[in-house]
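**Student:** below are the sequence and a predicted model for it; my questions follow.
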Amino acid sequence: MDSSTCDSEAGVEWTFAGASERCAPVQREGRYLEAVLEYRGLEATRFGGAFFPDAVPYTCGEEARVFYWRSALDAAAPPASAWDNVCATPYRVQPASEGERVAPALTADDGRTVVVEGTAGGDSTEAELAAGDAPEVTVERVSAAEAVVAASGGTFRVESGERREYALDEQRVELPDGECATVTPVLTVRYPGERTFYHPAVDASYRLFPSFGLDLDVAPRTLDVEPGPNVGEDAVAAALGVDLDSRPYAEGVLWQAFVHIAFGDGTAPTLAQFPDGLLAVWPGE
């Protein structure tokens with residue numbers, strides 16, 4: 001069946017793709033840490049435009065999850081079987097083996113782009129600097145009980161389930177217009193503890209979503225909904241027979257992302273379902 005769009009009376013037709021030859025997503029239980037470095041005193045020059053967070057933490061049954069629906073892993077990341085823990089920042093997710101020290105990616109563009117306000121998995125406001133000069137921060141180790149982080153010549157401990165802020169050494173930074181500013185970066189470290197980490201396969205082109213209780217083998221291939229920017233999330237749920245009320249509340253955010261990624265640009269998507277139920281979406285493929 002070819003990808004196609006139909007008129008608003010017929011709805012939209014999507015293409016089914018088998019998952020057997022597709023790269024399986026990452027699904028790894030381990031220790032999950034978040035680190036964000038904020039330059040709160042600077043004036044933001046870039047404003048995030050993402051409507052949906054990249055990462056959604058929630059509990060499904062007895063499983064504590066953190067779900068990345070689009071890629072945040074570097075293509076050179078080692079296989080998930082070698083991971084002991086992962087450190088997430090606004091710019092990257094960095095896995096580490098047991099005992100490995102990690103310098104988390106707290107800035108971008110070689111330190112010339114910094115976060116003014118933001119979170120690891122959500123949208124951030126940013127400021128641009130004339131030159132990169134980020135503090136050295138290292139995750140020394142992550143155990144079941146605590147994470148140990150080194151910064152500004154000191155060592156900080158964050159117990160499992162804790163979130164702590166640390167004001168680092170004051171810095172003088174140069175702005176693109178040649179002006180200088182003095183700022184005290186604030187490092188926020190959050191250690192939720194053990195989580196099952198979901199993420200598209202490294203270097204994969206698809207977007208990953210939970211099953212939402214949907215079985216693509218029996219789902220209708222033509223939906224009586226109008227695709228486009230104003231596509232209705234409830235209408236797609238009804239057309240596919242998805243009972244959102246029976247799903248974890250936080251999956252509503254992932255459902256919104258799924259609907260708008262799959263049907264929000266007016267072209268028909270390709271959908272696949274892995275043996276464990278996870279959904280893959282190739283928008284307009």
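**Tutor:** Structure's in. What do you need?
**Student:** which parts of the protein are helices?
**Tutor:** 233-240, 251-263 (DSSP state H).
**Student:** so how far is the longest one off the chain centroid?
**Tutor:** Helix 251-263 sits 14 Å away from the centroid of its parent chain (CA atoms, centre = their mean, to the nearest Å).
**Student:** only the buried residues of that helix, if you could.
**Tutor:** Buried positions in helix 251-263, judged by neighbour count with 16 or more other CB atoms under 10 Å: 251-252, 254-255, 257-263. C-betas here are computed from N, CA, C, even on glycine.
**Student:** stretch 69-88 too?
**Tutor:** For stretch 69-88, a neighbour-count test (16+ other CB under 10 Å) marks 69-73, 77, 80, 83-88 as buried.
**Student:** so which of the residues you listed belong to strands?
**Tutor:** Among the buried residues of stretch 69-88, DSSP state E puts 85-88 in strands.
**Student:** just to revisit the earlier point, let me know which of the helices of the chain is the nearest to F156.
**Tutor:** Smallest distance to F156 across the helices of the chain (CB to CB): 30.8 Å, for helix 251-263.
**Student:** which elements pack onto that closest one?
**Tutor:** Counting contacts by 3 or more CB pairs under 8 Å, 6 or more residues apart in numbering; DSSP states H and E, helix 251-263 packs against strand 55-60, strand 207-209, helix 233-240, strand 279-282.
**Student:** show me which positions of the third one end up buried.
**Tutor:** Yep, that's helix 233-240 we're talking about. Buried residues in helix 233-240, counted by 16+ other CB under 10 Å: 233, 235-237, 239-240.
**Student:** using TSV, please lay out those residues together with pLDDT.
**Tutor:** Shown next, in TSV, are these (pLDDT from 0 to 100):
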residue	pLDDT
E233	93
A235	94
V236	95
A237	95
A239	94
L240	94
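**Student:** reformat those residues as JSON lines; add distance to V183.
**Tutor:** JSON lines is the format used below for the buried residues of helix 233-240 (distance: CB to CB, whole Å):
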{"residue": "E233", "distance to V183": "40"}
{"residue": "A235", "distance to V183": "47"}
{"residue": "V236", "distance to V183": "45"}
{"residue": "A237", "distance to V183": "46"}
{"residue": "A239", "distance to V183": "50"}
{"residue": "L240", "distance to V183": "49"}
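**Student:** out of the residues you listed, which comes closest to V93?
**Tutor:** Nearest member of these to V93, counting by CB to CB, is E233, at 26.8 Å.
**Student:** for the closest one, which non-adjacent residue is closest in space?
**Tutor:** What sits nearest to E233 in space, not counting adjacent residues and going by CB to CB, 6 or more residues apart in numbering, is V259, at 4.7 Å.
**Student:** can I get the helices and strands packed on helix 251-263 in a markdown table including distance to A219?
**Tutor:** Below are the helices and strands packed on helix 251-263 laid out as a markdown table (distance: least, CB to CB, whole Å):
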| stretch | distance to A219 |
| --- | --- |
| strand 55-60 | 20 |
| strand 207-209 | 14 |
| helix 233-240 | 5 |
| strand 279-282 | 10 |
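**Student:** nearest to T155, of these?
**Tutor:** strand 55-60 (26.6 Å).
**Student:** show me what counts as buried in the closest one.
**Tutor:** Buried positions in strand 55-60, judged by neighbour count with 16+ other CB under 10 Å: 55-58.
**Student:** partners of that strand in the sheet?
**Tutor:** Here strand 55-60 is paired, per DSSP bridges, with strand 63-68 (antiparallel).
**Student:** and the contacts of the partner strand?
**Tutor:** Residues external to strand 63-68 that are found in contact with it (CB atoms under 8 Å, 6 or more residues apart in numbering): 32, 54-59, 88, 93, 121, 192-200, 208, 210, 254.
**Student:** just the closest of the buried residues of stretch 69-88 to L244, please.
**Tutor:** After measuring the buried residues of stretch 69-88 against L244 - CB to CB - the closest member comes out as W69, at 16.4 Å.
**Student:** wait, that closest one touches V259, no?
**Tutor:** No - judged on CB atoms under 8 Å, W69 makes no contact with V259 at a distance of 12.0 Å.
**Student:** save the helices of the chain as a markdown table, and put in distance to L42 too.
**Tutor:** Output for those, formatted as a markdown table (distance: least, CB to CB, whole Å):
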| stretch | distance to L42 |
| --- | --- |
| helix 233-240 | 36 |
| helix 251-263 | 29 |
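**Student:** which one, of those helices, ends up nearest to T45?
**Tutor:** Minimum separation from T45 across those (CB to CB) falls at helix 251-263, 26.8 Å.
**Student:** all good on my end, thank you.
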